[in-house]
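[1] pasted the sequence and its predicted model underneath.
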Amino acid sequence: MVIPLCYAVFDIQWWRDSSLQELAGRSFGNKLDFMKWLGNERVVHGVKASNAMLVADAALERTIIYDIRRRLNTIEISNGLGSQSDDFVHL
């Protein structure tokens, strides 16, 4: 699950240009360089892991946050409290 998720997020332009650069502290010229970097060791949540785990953790966390915000926005709209704008969802 981790490697396919990392492979997929590299193809998302805004993720690659913002979130990935922030996590990695660098940019990647191509997918092969990125995939090689994924195998490097690092500590994630206090546990010896890899860069792949770091990227997968961030992608899943941001997906969950997006879903929660979307659901809250839907609840607010149904109660007449919010707008139908999804401007807030760009994580």
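    Arrived safely. Numbers count the residues shown, from 1 in each chain.
[2] strands along this structure, start to end?
    Taking DSSP state E to define them, one finds strands in the chain at 41-44, 47-50.
[3] which residues of the chain fall in helices?
    For the chain, the helices defined by DSSP state H cover 2-10, 13-14, 20-24, 31-38, 51-78.
[4] those helices: lowest mean pLDDT?
    Note on those: helix 51-78 shows the lowest mean pLDDT, a mean of 81.
[5] what backbone torsions are found at residue 29?
    Phi and psi for residue 29, reported as degrees, to the nearest 10, are phi -70, psi -30.
[6] neighbours of it, how many?
    Number of residues near residue 29 (other CB atoms under 10 Å) recorded here: 7. Quick note: C-beta positions are derived from backbone N, CA and C, even for glycine.
[7] before we move on, what about the one 4 residues further on?
    A count of nearby residues for residue 33, using other CB under 10 Å, gives 12.
[8] hang on, residue 39 packs against residue 53?
    No: using CB atoms under 8 Å, residue 39 is not in contact with residue 53, being 10.8 Å away.
[9] quick one: which of the two has more around it?
    Neighbour count, other CB under 10 Å: between residue 39 and residue 53, residue 53 has more, with 19 against 10.
[10] show me the contacts for the more buried one.
    2, 42, 44 (CB atoms under 8 Å, 6 or more residues apart in numbering).
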